[in-house]
Structure formats: C-alpha cells, structure tokens
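# Test case, fold it:
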Amino acid sequence: MTFQTVILLSLIQGITEFLPISSSAHLMLFPILFDIKDQGIIADLFAHIGSLLAVMFYYRKDIKDIIISLFNKKYDRSMFYNLFIATIPIVIIGIIFVLFKIKFRDPRIVIYTSLIFGTIFFLADKFGKKDLTIKKLSLRDAFLIGSAQTFASIPGSSRSGTTLTCALMLGYKRQDALKFSFLLSIPTIILVGLGGILKFALNPETINIYPLILISIFSFIFSLISIRFIMFWLKHLSFKPFAIYRIILGIILYLYLK
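Numbering: from 1, shown residues only. Model prediction:
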C-alpha cells in the first residue's frame, strides 16, 4: 500500500464517517474510482479506529461524566442508559450478520441506499420539528435511534445519516441529534472493531501493520477536523446539502455502474 493510498483512505474515512454521507460506501467505492486493488476490511477497520479515537477525544468530558456516573449516584446516568439501549439493536444485527455470514460489498447497493436514505434524510431535515434537546431524550427514542442505526449495516445508508434522520423525525434539534449520534458511534465502532478482529482471528492472513497504523493516525486527524467542521456548519446551516449530495451521488453511480 503506497503512502498516497494511505492518505486518501484516511481522508475519505475522516471526512465521511462524521458527515452524514456514509463512510462505508465511499471506502468501498475508493478502489473502483481509482482503479486499484480493494484495500480490504482490515484497512477499513484501522481507518475506523482513527475515527473512534477522534470522537472520544472530542467528547472526552462527556465520556468522563458518563463513566463517573456509574460510580457516583450524584451524577446523571440517563446518557449511559440511553447509549446502552441504543446500542442493543446493532448488537443483535451484528450477531445475525456473523452467524449467517452476511456481507455487503457490492457497490451497486450504494446506488439505491444513497437515493432512498438521502431523500428520507432531506425530508426529515426539512419537516422535523427540531425543538427537543438531548436532555429530554427518552429510552424509547434512544432505542428508535439505535434501531435506525442498524440500516447502516448496508453500505450507503450512513450510520450518522440514519441516526440523524430518526432523531430529526422525532423532533430533536440538529446539534443535539448530532451529539447523540456521535456519542453513539463510540460503542458502535468499538463493537464493529471487535467483530473485525474476530473475523481476522478466524481467518488470519499476512499483513503489513505499518500502513495500517498510519491509516489510523491520519484518520484520527481528518476525523477530528471533520467533527469540528460539522459542528461549526450546524451553527449556520442545515443538513440539506449533505442529503442532496447523497441523492446526486446515487444518480452518478447509477449512470457509472449500470
């Protein structure tokens, strides 16, 4: 793997993981667009590790409060319970995928997921009430958002996109919806990472670890920039441009891959 490939993979992961445009889809499309060998799931896994570290660093204070709340009753534990409940659906789906060896690596799937979920995302952002804060997040809403996240198992659906769509439809403010989506990404990416490690352990292969470490490092840097960018963006604008981008991407891919 060349250094240029490492940088491009890290850049794609860093930008697309926290923008609601689907990182898995763009990582899948990367070797097709650049006419190179598929980087494989292990490279994608290390790219996601960098994103995980970035979101943990950005929300380190919130994570600290959540951990302290488990040992100190004076702290509010609602966020811990909400994240726990929201993670259950993706755990169930993950187990099903592993048991039945379900895989989605066909780029043509991205055509339809981009068009369908991009359109739903646009409508949710346009018509959602957006008056609830994350402090009012109920266990029911957390479970619904977590259930919406399971669609991200299909490339092109976008983990952040599906969770944000659901949160907006439930009436939460954009920035509050985004914060919960980001916090929910922490246990989700950890579980996906463990799943990837398990697959690798069951089917070991010879790998060069150094490019993978570089992917994680650069993915961390680009992911952190991406998180700060989207937070700044929402202070002034909406999610509509990202929804439109996904619809346009679906149309372009249809014309390119049909």
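# Can you list phi and psi of the residue nearest the centre of the chain for me?
Compute the mean C-alpha point of the chain, and by C-alpha atoms, centre = their mean the closest residue is residue 159, 3.9 Å away. The phi/psi pair for residue 159 (degrees, to the nearest 10) reads phi -60, psi -50.
# okay but it is in contact with residue 149, surely?
Yes. Here residue 159 reaches residue 149: they are 5.9 Å apart, a contact under C-beta atoms under 8 Å. From N, CA and C alone the C-beta is placed, and that goes for glycine too.
# what stretches of the protein score poorly on pLDDT?
For the chain, the stretches flagged by pLDDT under 70 are 105, 199-206, 258.
# separation between the residue at the greatest distance from the centre of it and residue 65?
Most distant from the centre of the chain: residue 74, at 31.9 Å, with distances by C-alpha atoms, centre = their mean. Distance from residue 74 to residue 65, counting by C-beta to C-beta, to the nearest Å: 11 Å.
# same thing with residue 95?
Residue 95 is 30 Å from residue 65, by C-beta to C-beta.
# With residue 195 instead?
Distance from residue 195 to residue 65, by C-beta to C-beta: 28 Å.
# now do residue 20
26 Å.
# and what of residue 14?
26 Å.
# higher neighbour count, the two?
residue 14 (25 against 16; other C-beta atoms under 10 Å).
# what's the nearest residue to that one if we skip its chain neighbours?
Of all residues not flanking residue 14 in the chain, residue 222 sits nearest, at 2.3 Å (C-beta to C-beta, 6 or more residues apart in numbering).
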